[in-house]
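*Asks:* Model the structure of this input:
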Amino acid sequence: MMQREWQALGHAPPVNTNDLARKSFTTFLPEPRAVGGVTARVAPEVTPEVGRLVDALDGERSRSELMTALGLKDEKHFRTQYQQAAAAMGLVEMTRPDKPNSRLQRYRLTEAGRALRAHRLAP
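*Replies:* Just a heads-up that it's a prediction; the model follows:
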């Protein structure tokens, strides 16, 4: 209900992360900024890991290509801290969402991801 109400107010969707080992979860509610007295949607606050993923993702890339570009070796760490976090924020999408475990699966930036990347790379 909290997430539904948050989004009904026009805010960016909440980001949820689960820690199965500790049986806990966290919910991040991005704050909107007021511009000229009007609340506007802004780029969500991203973790350094998600920022690195957005910066490294140009075109479509496989999981292994992304891990190599980011200099990572631990698949679980990449999946939880990078891929799932970025997907939950609506920044990254799968090219084959109906087959998430496909060997041909690739990832690409969404419109929001491309906007965030352009904002991060702007001088």
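*Asks:* what's the burial count for the spatially closest residue to residue 92 that is not a sequence neighbour?
*Replies:* With sequence-adjacent residues excluded and distances taken as Cβ to Cβ, 6 or more residues apart in numbering, residue 92 is closest to residue 86, at 4.1 Å. Placement of C-beta: from N, CA and C, glycine included. If you count neighbours by other Cβ atoms under 10 Å, residue 86 ends up with 27.
*Asks:* Is residue 86 inside a helix or a strand, and which specific one?
*Replies:* helix 85-88 (DSSP states H and E).
*Asks:* ok, and what's touching that helix?
*Replies:* For helix 85-88, the surrounding residues in contact (Cβ atoms under 8 Å, 6 or more residues apart in numbering) are 13, 15-17, 46-47, 49-50, 53-54, 92-94, 113.
*Asks:* would you turn the residues you listed into JSON lines with pLDDT and neighbour count?
*Replies:* JSON lines is the format used below for these (pLDDT from 0 to 100; neighbours: other Cβ atoms under 10 Å):
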{"residue": "13", "pLDDT": "73", "neighbour count": "14"}
{"residue": "15", "pLDDT": "75", "neighbour count": "22"}
{"residue": "16", "pLDDT": "75", "neighbour count": "13"}
{"residue": "17", "pLDDT": "80", "neighbour count": "15"}
{"residue": "46", "pLDDT": "80", "neighbour count": "21"}
{"residue": "47", "pLDDT": "86", "neighbour count": "16"}
{"residue": "49", "pLDDT": "91", "neighbour count": "18"}
{"residue": "50", "pLDDT": "91", "neighbour count": "25"}
{"residue": "53", "pLDDT": "94", "neighbour count": "28"}
{"residue": "54", "pLDDT": "93", "neighbour count": "23"}
{"residue": "92", "pLDDT": "93", "neighbour count": "23"}
{"residue": "93", "pLDDT": "93", "neighbour count": "16"}
{"residue": "94", "pLDDT": "94", "neighbour count": "16"}
{"residue": "113", "pLDDT": "89", "neighbour count": "24"}
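*Asks:* nearest to residue 67, of those residues?
*Replies:* residue 53 (10.1 Å; Cβ to Cβ).
*Asks:* That closest one: what's it in contact with?
*Replies:* 66, 70, 82, 83, 86, 91, 92.
*Asks:* That concludes my questions; thank you for your assistance.
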